[in-house]
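Trainee: structural data only, the sequence is not supplied:
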C-alpha cells in the first residue's frame with residue numbers, strides 16, 4: 001500500500017495540484033489527499049504545506065521523492081524474486097494484465113495471449129486498449145503489467161528510470177487511397193506526391209496524428225485534414241468513399257473496402273516503432289517475463305509474414 005501512496009506523491013510533484021493529480025490518476029481529490037495524509041502518518045513527517053489555495057511540498061517530501069524511484073524498483077525486484085521461488089514449484093501462474101494501442105493489441109497482443117495459453121495454461125491474460133500515454137499511467141498505478149506503446153510527445157522518454165522499455169517491432173506506413181485514384185500505383189509513390197490531397201486523421205488523443213504531421217513535414221508539406229476519424233475501419237470507409245487519403249500502418253489489415261494500399265518510396269519512409277514497457281524491476285517476474293517472451297515471438301512471426309507479403 002505504501003508503494004501506491006508513493007506513486008500519488010510522485011504524481012503530485014509532477015502535476016502540481018491535488019486536482020490535477022486526481023485527474024491524472026483517475027481518483028477524486030479527497031482520495032488523493034487521504035493517500036498523502038496516510039503516507040505522512042506512516043513516515044512520521046509533514047509532506048505538504050498550505051500555500052494559499054494550493055499546497056507546497058515540504059523539504060521532507062523532497063527527501064522522500066529522491067528515494068521513491070529506488071524504493072519502487074526494489075519492491076518490484078522483491079516481488080519478482082518471490083514469484084520466481086513460487087514458480088519453481090508451482091509453475092508460472094496468475095493473471096497478466098496487458099494494455100496497448102489497438103493495432104498492437106490486434107496484431108501482437110492477441111497472438112501473444114494465444115501463445116501464453118498454450119505454453120502456460122495456468123496464466124490468464126487480460127487486455128485493455130488505451131493510447132500510449134494512458135498505458136504508462138496504468139503501469140505506474142499497477143493496473144497493468146506489460147504495455148505495448150509508441151514513442152511520442154505525450155509519452156515518457158525511453159530513458160525514463162521508472163520503466164524498462166525495449167523495441168518490439170518497426171511498422172512501415174503505406175498510403176491508403178481509393179481504387180482508381182491517381183496515386184493507386186502498385187510500384188509505389190513518394191509522399192510528396194500527396195501534398196494536394198485531403199487527409200483523414202483524428203487530431204486529438206491519437207498516436208497516429210503526430211506521425212502523419214512529422215512525415216508530411218519531412219516530405220515538404222502540411223497535410224490538409226478534412227475528416228477527423230480514428231478507428232481504422234471507419235478511416236478506410238471514408239477513403240473508399242473518396243473523401244481523402246491517409247497513412248495506413250503495415251500492421252493493420254485492410255478492410256473489405258474499395259481501397260488500395262500503396263508502398264511509399266524515397267526516404268525517409270515513415271514508420272512506427274512499437275515498444276514493450278514494464279515497471280522497472282518487474283521484468284524478471286515470471287508472469288511478466290513470459291508475457292514479454294510471447295510478445296517477442298509474436299512480433300518475430302509477424303515480421304516474417306510481412307516481409308514475405310510486401311512487393312519486391
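Mentor: It's in. Here the structure is a predicted model, which means the values were calculated and not measured.
Trainee: output the contacting helices and strands for the lengthiest helix in the chain.
Mentor: Taking DSSP state H as the criterion, the chain has its longest helix at helix 59-90. Packing partners of helix 59-90 (3 or more CB pairs under 8 Å, 6 or more residues apart in numbering; DSSP states H and E): helix 2-15, helix 286-309. Yep, even glycine has a C-beta here, placed from its N, CA and C like the rest.
Trainee: buried sites along it?
Mentor: 60-61, 64-65, 68, 72-73, 75-77, 79-80, 83, 87 (16 or more other CB atoms under 10 Å).
Trainee: which one of those residues is nearest to residue 155?
Mentor: residue 72 (19.2 Å; CB to CB).
Trainee: and residue 196, how many neighbours?
Mentor: Around residue 196 there are 7 other residues, counting by other CB atoms under 10 Å.
Trainee: so it: helix, strand or coil?
Mentor: Using DSSP: H, G, I helix; E, B strand; the rest coil, the structure places residue 196 in coil.
Trainee: where along the stretch 101-250 of the chain do the helices fall?
Mentor: Secondary structure of the stretch 101-250 of the chain by DSSP state H, counting those that start in this stretch: the helices cover 102-104, 110-119, 132-140, 208-218, 232-240.
Trainee: most packed of the ones you listed?
Mentor: Highest mean neighbour count of the helices of the stretch 101-250 of the chain: helix 102-104, a mean of 24 (counted as mean count of other CB atoms under 10 Å).
Trainee: list the contacts for residue 126?
Mentor: Contact partners of residue 126, counting by CB atoms under 8 Å, 6 or more residues apart in numbering, are 95, 96, 97, 98.
Trainee: which among the residues you listed count as buried?
Mentor: For the contacts of residue 126, buried by 16+ other CB under 10 Å: 96, 97, 98.
Trainee: how about these in CSV, adding distance to residue 129 and secondary structure?
Mentor: As requested, these are exported to CSV (distance: CB to CB, whole Å; DSSP: H, G, I helix; E, B strand; the rest coil):
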residue, distance to residue 129, secondary structure
96, 16, strand
97, 13, strand
98, 10, strand
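Trainee: just curious, which of the residues you listed is nearest to residue 142?
Mentor: Out of these, the member with the shortest distance to residue 142 (by CB to CB) is residue 97, at 8.9 Å.
Trainee: residues contacting the closest one?
Mentor: With CB under 8 Å, 6+ apart, residue 97 has these contacts: 126, 127, 128, 143, 144, 145, 146.
Trainee: any idea of the pLDDT on the third one?
Mentor: What the model reports as pLDDT for residue 128 is 97.
Trainee: now swap in the one 10 residues further on and tell me
Mentor: Reading off the confidence values, residue 138 has pLDDT 92.
Trainee: do residue 85 as well
Mentor: Residue 85 carries a pLDDT value of 87.
Trainee: tell me the angle the lowest-mean-pLDDT helix or strand in the chain makes with helix 132-140.
Mentor: Lowest on mean pLDDT, DSSP states H and E among the helices and strands of the chain sits helix 2-15, with a mean of 83. With axes from the mean of the first three to the mean of the last three CA atoms, to 10 degrees defining the directions, helix 2-15 sits at 150 degrees from helix 132-140.
Trainee: tell me which helix or strand comes right after helix 2-15.
Mentor: helix 18-25 (DSSP states H and E).
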